[in-house]
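S.K.: quick one, what's the 3D model for this:
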Amino acid sequence: ENLIKDVNASELVLDIPVTKEKSPEKNGTNGKTEANGVNMSAVERQSLLTSESPDEDVNSNSILSVMLALLKNVPFCIFVVNNVLWNFGTVIPLILGPEYFTTIGFSQKESATLISLFSGGSFVGCVLGGVFGNIPKINRIYLFIVVNLGVGIVGLFIPLEIAHSMVGLAIVGIIWGTMFGLILGLLVVVTADLVGIHYLGDAMGFLMLANGVGCIIGPPIGGWIGEATGSSAAAFYVSAFTVIVSGLLMAIIPVSRKVCKTPSKKEQDFTTEVAIPVG
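M.R.: Down below sits the predicted model:
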């Protein structure tokens, strides 16, 4: 029988019985004894007795390396700020819109219809963003900037009296919502263009944080502006101008690349890897 001879904190030893056989004389071994016993010593203490793993240190180091790499990527940092401003500006019409529409003479049913048109346009825009984002000949960053600025410009019409009819606000809502959806559809591909596929997952984590910050601070500040100025329209003007500023901020990326003649992060990603320690 196989017997477990010894178990301690550092090794496991198995004793397998020794069989002896004599080799024939013709082989010149002259009855030499062969030991078939095997000493199997091979597991470290961490594997046997604890759940701790050296991979935890490796993962911590690699996460830190990725975070530092993203923070050193200036275009991506600009994109993060853009997302904060963008969500701050666009969430105000969506949250404060229904109440504002009732204050300018629309019924609650009409207000709900207008917001539905905003949302319906967003649905169409998301689909179009996915389509345009996969056309190689289209520069996704340029498209993102143009649509971003477009959302801000169209948003300026929401508080203007010339658009305060059911048809006028319906047209504004559909256009605004479609461009809003386009931005959502382009978000992932633009992120990939800025940081490369290797960093995409971690970069999206930063962007989701930025989006959350913008969405949280937008409505309270918008409501405060409306109360402080005594005009609900003021919040929508601030909203639109904030979105325009976010688009102008993004324009720094292609301009700086033209001036500095530097390759995009997507191009660098194929030659630059994160240093991940191997344990």
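
S.K.: name the helix or strand for Thr90, please.
M.R.: Thr90 belongs to helix 74-103 when assigned by DSSP states H and E.

S.K.: in that helix, which residues are buried?
M.R.: 75-76, 78-80, 82-98, 100-101 (16 or more other CB atoms under 10 Å). Heads up, the C-betas are built off the backbone N, CA and C, glycines and all.

S.K.: what packs against that helix?
M.R.: helix 108-132, helix 140-155, helix 166-195, helix 200-229, helix 232-250, helix 252-260 (3 or more CB pairs under 8 Å, 6 or more residues apart in numbering; DSSP states H and E).

S.K.: let's go with 6 Å and repeat that
M.R.: Contact analysis of helix 74-103 by 3 or more CB pairs under 6 Å, 6 or more residues apart in numbering; DSSP states H and E lists helix 108-132, helix 166-195, helix 200-229, helix 232-250, helix 252-260 as its packing neighbours.

S.K.: need the ones you listed in a markdown table (columns: mean pLDDT and distance to Pro159).
M.R.: Formatted as a markdown table, those follow (pLDDT from 0 to 100; distance: least, CB to CB, whole Å):
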| stretch | mean pLDDT | distance to Pro159 |
| --- | --- | --- |
| helix 108-132 | 92 | 14 |
| helix 166-195 | 93 | 10 |
| helix 200-229 | 92 | 11 |
| helix 232-250 | 94 | 4 |
| helix 252-260 | 86 | 28 |
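
S.K.: would you turn these into TSV with mean neighbour count?
M.R.: What follows is the helices and strands packed on helix 74-103, written out as TSV (neighbours: other CB atoms under 10 Å):
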stretch	mean neighbour count
helix 108-132	17
helix 166-195	21
helix 200-229	16
helix 232-250	21
helix 252-260	13
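
S.K.: go through these and name the closest to Leu156.
M.R.: Closest of these to Leu156 is helix 232-250, at 4.5 Å (criterion: CB to CB).

S.K.: what's the angle between the closest one and helix 140-155?
M.R.: 160 degrees (axes from the mean of the first three to the mean of the last three CA atoms, to 10 degrees).

S.K.: distance between helix 232-250 and the chain's centre?
M.R.: 23 Å (CA atoms, centre = their mean, to the nearest Å).

S.K.: what's the answer for stretch 201-208, then?
M.R.: 3 Å.

S.K.: which residue packs closest to the most centrally placed residue in the chain, ignoring adjacent ones?
M.R.: In the chain, the residue lying closest to the centroid (CA atoms, centre = their mean) is Met204, at 0.9 Å. With sequence-adjacent residues excluded and distances taken as CB to CB, 6 or more residues apart in numbering, Met204 is closest to Thr191, at 6.3 Å.

S.K.: and for Ile158?
M.R.: Phe236 is the one closest to Ile158 (CB to CB, 6+ apart), at 5.0 Å.

S.K.: now that neighbour: how far from Ile95?
M.R.: As for Phe236, its distance to Ile95 is 11 Å (criterion: CB to CB, to the nearest Å).

S.K.: avg pLDDT for stretch 67-75?
M.R.: Taken as a whole, stretch 67-75 has an average pLDDT of 86.

S.K.: distance between the ends of that stretch?
M.R.: Start-to-end span of stretch 67-75 (CA to CA, to the nearest Å) is 14 Å.

S.K.: next one: it to chain centre, how far?
M.R.: The answer for stretch 67-75 is 14 Å, by CA atoms, centre = their mean.

S.K.: in that stretch, what counts as buried?
M.R.: Buried, per 16+ other CB under 10 Å, within stretch 67-75: Ala69, Leu70, Asn73, Pro75.

S.K.: which of the three states applies to the second one?
M.R.: It refers to Leu70. With DSSP: H, G, I helix; E, B strand; the rest coil as the basis, Leu70 sits in helix.
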